[in-house]
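A.B. asks: here are the coordinates; sequence isn't available:
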């Protein structure tokens, strides 16, 4: 067990922080906010089990998840083509790196099976599978945000004497894009911050940082 935790500690701690702390906390506090809003409109509250099926919960969760998946997918692709002198987040400026080599030049017995299989659709997809996975997750979260948001927006409209809207109608509202863009802009601000700050600042022991003694002009981790 000790060996398993050491080998998987980063993933385990991240999952515990996500699910065991922040996601549960969001659900509990969101349930409280939702019921308070229900009371203000003269309606009865809901149980926790009922709350996690509401548009309020789905919208709040997915509008954040979509921005995270967009950030990671876009960042992976941006680092393919663009460089930043001095940043630990960039490939080196003037030399080929291992990630740019043709995978068929480095085939080993323990390489992933699409590489061992050789040229073809499987390898083409596998070479881009990381960005495709994140962008696919973004697309799923985007649709779920749209569905949950339309449900929540319709409920608010009806509470104020308005008419409900369909997901396609909600897609054309300022509310939907305000929810999305306020999250998207913060994600790319965070990307710009780590790219820039890693030029001048260090964190000993982290692979996201250059070595502490490295000059500011050195590019890559």
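C.D. replies: It's in. Not measured: the values here are computed from a predicted model.
A.B. asks: Which helix or strand lies directly C-terminal to the biggest helix by length in the chain?
C.D. replies: Determined from DSSP state H, the single longest helix within the chain is helix 129-159. Sequence-wise, the next helix or strand downstream of helix 129-159 (DSSP states H and E) is helix 167-171.
A.B. asks: And for this protein, the residue most distant from the center?
C.D. replies: residue 42 (37.0 Å; CA atoms, centre = their mean).
A.B. asks: where in this structure is pLDDT low?
C.D. replies: Low-confidence regions of the chain, defined here as pLDDT under 70, do not occur.
A.B. asks: for the spatially most central residue of the chain, what are its contacts?
C.D. replies: Central residue of the chain (CA atoms, centre = their mean): residue 68, 2.1 Å from the mean position. By CB atoms under 8 Å, 6 or more residues apart in numbering, residue 68 lies in contact with residue 187. Glycine gets a C-beta too; all of them are placed from N, C-alpha and C.
A.B. asks: Which element, helix or strand, includes it?
C.D. replies: Using DSSP H and E, the element containing residue 68 is helix 55-81.
A.B. asks: now that helix against helix 129-159, angle please.
C.D. replies: 150 degrees (axes from the mean of the first three to the mean of the last three CA atoms, to 10 degrees).
A.B. asks: Pull out the buried residues from helix 55-81.
C.D. replies: Neighbour counts over helix 55-81 (16 or more other CB atoms under 10 Å) mark 55-67, 69-76, 79 as buried.
A.B. asks: follow-up on the earlier one: quickly note the distance from the residue nearest to the centre of the chain to residue 75.
C.D. replies: Residue 68 is 11 Å from residue 75, where distance means CB to CB, to the nearest Å.
A.B. asks: Equivalent analysis for residue 64, please.
C.D. replies: Taking CB to CB, one finds residue 64 at 17 Å from residue 75.
A.B. asks: ok, now residue 38?
C.D. replies: 39 Å.
A.B. asks: for residue 188, same thing?
C.D. replies: 9 Å.
A.B. asks: likewise residue 47?
C.D. replies: Counting by CB to CB, the gap from residue 47 to residue 75 is 39 Å.
A.B. asks: Nice, that's everything, thank you.
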